[in-house]
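In: could you work out the structure for the sequence below:
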Amino acid sequence: MSDTDTAQAAIPDTQLPATGFSRQPAVRKFAGGVASSTLWLWVRQGKIPAPVKISPRVAAWRNEELHAWATDPLAWQAQHKGL
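Out: Reported below is the predicted structural model:
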């Protein structure tokens, strides 16, 4: 294994692209490795952005919203309260 491979292997897989959409497994990792039940509880409580329906059987989160939430969760919640 080269030094580059070692450095890349040490970075946890918690990063999301700046734009686009992410599915639940990536969002759970990004949110700190939370369980599915916790993620959905946070969505219901308005503590984290809700996913959007991509098709009848597929939902995904907007990466831009997740990054805004991660930058300042309390400010994001205050801004989106009651929506």
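In: every contact and neighbour count from this point should use C-alpha atoms.
Out: OK.
In: what strand or helix carries residue 40?
Out: Per DSSP states H and E, residue 40 falls inside helix 36-45.
In: avg pLDDT for that helix?
Out: Averaged across helix 36-45, pLDDT comes to 97.
In: what's the average pLDDT for the next helix or strand after it?
Out: Next in sequence after helix 36-45, counting helices and strands by DSSP H and E, comes strand 52-55. Averaged across strand 52-55, pLDDT comes to 96.
In: just the buried residues of the helix or strand following strand 52-55, please?
Out: Once strand 52-55 ends, the next helix or strand along the chain (criterion: DSSP H and E) is strand 58-62. Buried residues in strand 58-62, defined by neighbour count with 16 or more other C-alpha atoms under 10 Å: 60-62.
In: from residue 68, how far off is the nearest residue to residue 42 once chain neighbours are set aside?
Out: Ranked by C-alpha to C-alpha, 6 or more residues apart in numbering and with sequence neighbours excluded, the top spatial neighbour of residue 42 is residue 48, at 5.7 Å. Note on residue 48: its distance to residue 68, by C-alpha to C-alpha, to the nearest Å, is 10 Å.
In: of these two, which one has the most company?
Out: The neighbour comparison of residue 48 against residue 68 (other C-alpha atoms under 10 Å) goes to residue 48, with 23 against 14.
In: picking up where we left off before, contact partners for the residue nearest to residue 42?
Out: Under the criterion of C-alpha atoms under 8 Å, 6 or more residues apart in numbering, the contact list for residue 48 reads 39, 42, 66, 69, 73, 77.
In: hang on, the earlier thing: could you dump the buried residues of strand 58-62 to JSON lines with distance to residue 31 and pLDDT?
Out: Below are those laid out as JSON lines (distance: C-alpha to C-alpha, whole Å; pLDDT from 0 to 100):
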{"residue": "60", "distance to residue 31": "14", "pLDDT": "98"}
{"residue": "61", "distance to residue 31": "12", "pLDDT": "98"}
{"residue": "62", "distance to residue 31": "14", "pLDDT": "97"}
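In: include distance to residue 26 when you put those residues into CSV, please.
Out: Shown next, in CSV, are the buried residues of strand 58-62 (distance: C-alpha to C-alpha, whole Å):
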residue, distance to residue 26
60, 10
61, 10
62, 12
